[in-house]
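Enquirer: Below: sequence and its predicted model.
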Amino acid sequence: MARFLVRRILQGILVMLLVTLLVFGIFFLGGNANTVATRLAGRNATPQTIALVAKRLHLNQSVPLQYWDFLEQLVWHHNLGYSYFHEQPVGSVLKQAAPITLSLALGAAVIWLILGVLSGVLSAVKRGRIIDRAITTLALFFYSFPTFVLGLMLLFLVSYQLQKRGIRIFPGQGYVYFSASPTKWFESLVLPWITLALVSAATYTRLTRGSLLEVMGEDYIRTARAKGLSERRVVFRHGLRSALTPVASQFGIDVGVLVGGAVVTEQVFGMPGLGYTAVQSINNGDLPVIIGIVIVASAAVIVANILVDLVYAVLDPRVRLH
């Protein structure tokens with residue numbers, strides 16, 4: 001296990017290194033020092049600011065030295081750059097946005113995982129019956145439903161209609177930090193959680209159903225039944241544990257990507273998380289913030305994949321980590 005973990009971490013570091021190389025090539029190359037500094041400084045930058053950017057980033061040096069300085073600042077000083085649009089370090093901008101995206105992603109992930117797995121198990125156990133067809137139809141319906149449409153529908157049907165009647169349980173848009181008010185924090189996240197969970201749970205319903213039906217035909221399941229174990233124990237103790245491996249893989253990728261920014265949901269509900277910040281930065285030409293979000297999102301996906309590989313061995317005893 002230890003050797004496997006070390007190897008996967010080293011592979012993750014290599015992938016992250018390639019990501020930084022790609023980011024550097026996209027944003028720092030393709031022009032002279034003045035051109036690159038102008039792009040990074042933003043649309044409304046003054047000549048003095050452009051000169052300052054070129055000096056800070058050593059854009060007059062050779063390309064290898066520029067990349068080494070970029071990497072050194074990132075790894076050793078945790079410096080993601082400076083946003084001249086916000087007039088503060090990129091790290092400070094992301095620290096304000098990250099808790100919002102994390103709250104949204106992790107809360108929705110718990111809901112869609114529970115909802116998707118339980119409905120998938122029920123569909124597989126009741127295969128061919130009315131409840132199976134109903135769950136499959138609903139899963140296909142929500143799987144095909146655009147996130148922004150579902151979000152706007154919930155805003156209109158739940159938030160707006162209730163507020164018209166004087167019931168202000170669900171705020172329309174915006175985000176309240178947990179430190180300000182735990183109750184209002186929860187209320188501001190309920191509708192975004194439901195929006196993401198309903199769309200994403202459909203994938204997990206289909207994955208769980210298909211995987212469980214395949215596993216239930218294995219020899220060890222027949223052996224468990226022959227020993228006289230109850231059907232519930234056969235399904236949950238022996239079948240579901242092995243059937244969850246593809247679910248875990250999908251879950252790791254989805255959460256990793258979502259931590260990088262739930263762009264559509266954050267836009268619909270006016271939540272200034274990483275996705276919302278990325279869109280605003282693109283509109284404002286704030287390249288340092290875009291670079292920071294790309295790096296953070298890449299790191300989240302890499303870490304999620306490493307954790308998924310470790311979960312494999314726990315879920316399925318047939319999997320061995322070497």
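Expert: Sure thing, it's come through. Every value quoted in this text rests on a predicted model; they were computed, and no experiment measured them. Numbers count the residues shown, from 1 in each chain.
Enquirer: hey, let's count contacts and neighbours off CA atoms from now on
Expert: Fine.
Enquirer: my guess is Phe85 contacts Leu40, does it?
Expert: No: using Cα atoms under 8 Å, Phe85 makes no contact with Leu40, being 9.9 Å away.
Enquirer: ok, these two, which is more surrounded?
Expert: Leu40 (26 against 19; other Cα atoms under 10 Å).
Enquirer: Count the neighbours of Gly128 for me.
Expert: Close neighbours of Gly128, defined as other Cα under 10 Å, add up to 10.
Enquirer: which residues do Phe85 and Leu40 both contact?
Expert: Contact with both Phe85 and Leu40 is made by residues Asp286, according to Cα atoms under 8 Å, 6 or more residues apart in numbering.
Enquirer: Arg127 looks like it's in a helix, true?
Expert: No: when the secondary structure is assigned by DSSP: H, G, I helix; E, B strand; the rest coil, Arg127 falls in coil instead of a helix.
Enquirer: okay, now it: neighbour count?
Expert: Arg127 is surrounded by 14 other residues when neighbours are defined as other Cα under 10 Å.
Enquirer: One more: Thr223?
Expert: Residues contacting Thr223 under the criterion other Cα under 10 Å number 12.
Enquirer: quick one: secondary structure of it?
Expert: Three-state assignment for Thr223 (three-state DSSP): helix.
Enquirer: swap in Phe24?
Expert: Using three-state DSSP, the structure places Phe24 in helix.
Enquirer: So which helix or strand of this structure has the lowest pLDDT on average?
Expert: For the chain, counting by mean pLDDT, DSSP states H and E, helix 161-164 ranks last in confidence among helices and strands (a mean of 74).
Enquirer: Show me where the stretch 51-200 of the chain dips below the pLDDT cut-off.
Expert: Where the stretch 51-200 of the chain drops to pLDDT under 70, the residues are 167.
Enquirer: And the residue nearest the centre of the chain, how close does it get to Leu307?
Expert: To find the centre residue of the chain, average its C-alpha atoms and take the closest one (Cα atoms, centre = their mean): that gives Leu258, at 1.6 Å. Using Cα to Cα, to the nearest Å, one obtains 16 Å as the distance from Leu258 to Leu307.
Enquirer: How far away from the center of its chain is the next helix or strand after the least confident helix or strand of the chain?
Expert: Following helix 161-164 in sequence order, the next helix or strand is helix 182-215 (DSSP states H and E). Taking Cα atoms, centre = their mean, to the nearest Å, the mean C-alpha location of helix 182-215 is offset from the chain mean by 13 Å.
Enquirer: same question, stretch 242-252
Expert: From the chain centre to the centre of stretch 242-252 is a distance of 16 Å (Cα atoms, centre = their mean).
Enquirer: contacts for that stretch?
Expert: The list of residues contacting stretch 242-252 from outside it, by Cα under 8 Å, 6+ apart, reads 113, 204, 207-208, 211-212, 215, 301, 304-305, 307-309, 311-312, 315-317.
Enquirer: Show me the contact partners of the least confident helix or strand of the chain.
Expert: Among residues not part of helix 161-164, those counted as contacts by Cα under 8 Å, 6+ apart are 168-169.
Enquirer: same thing but 10 Å
Expert: Contacts to helix 161-164, defined as Cα atoms under 10 Å, 6 or more residues apart in numbering, come from residues 154-156, 167-172.
Enquirer: go on, stretch 177-186?
Expert: Counting by Cα under 10 Å, 6+ apart, stretch 177-186 makes contact with 96, 99-100, 103, 107, 169-171, 174-176, 187-188, 193, all of which sit outside it.
Enquirer: The residues you listed into JSON lines, with extra columns for distance to Val279 and neighbour count?
Expert: Compiled in JSON lines, the contacts of stretch 177-186 are given as follows (distance: Cα to Cα, whole Å; neighbours: other Cα atoms under 10 Å):
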{"residue": "Gln96", "distance to Val279": "15", "neighbour count": "15"}
{"residue": "Pro99", "distance to Val279": "17", "neighbour count": "17"}
{"residue": "Ile100", "distance to Val279": "15", "neighbour count": "24"}
{"residue": "Ser103", "distance to Val279": "19", "neighbour count": "19"}
{"residue": "Gly107", "distance to Val279": "22", "neighbour count": "19"}
{"residue": "Ile169", "distance to Val279": "29", "neighbour count": "14"}
{"residue": "Phe170", "distance to Val279": "25", "neighbour count": "19"}
{"residue": "Pro171", "distance to Val279": "23", "neighbour count": "21"}
{"residue": "Gly174", "distance to Val279": "16", "neighbour count": "15"}
{"residue": "Tyr175", "distance to Val279": "17", "neighbour count": "20"}
{"residue": "Val176", "distance to Val279": "20", "neighbour count": "18"}
{"residue": "Glu187", "distance to Val279": "25", "neighbour count": "18"}
{"residue": "Ser188", "distance to Val279": "21", "neighbour count": "23"}
{"residue": "Trp193", "distance to Val279": "20", "neighbour count": "23"}
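Enquirer: Tell me the one of the residues you listed nearest Gly239?
Expert: For these, the minimum distance to Gly239 (Cα to Cα) is 26.8 Å, reached by Gly107.
Enquirer: tell me which element that closest one is part of?
Expert: Using DSSP H and E, Gly107 sits within helix 90-125.
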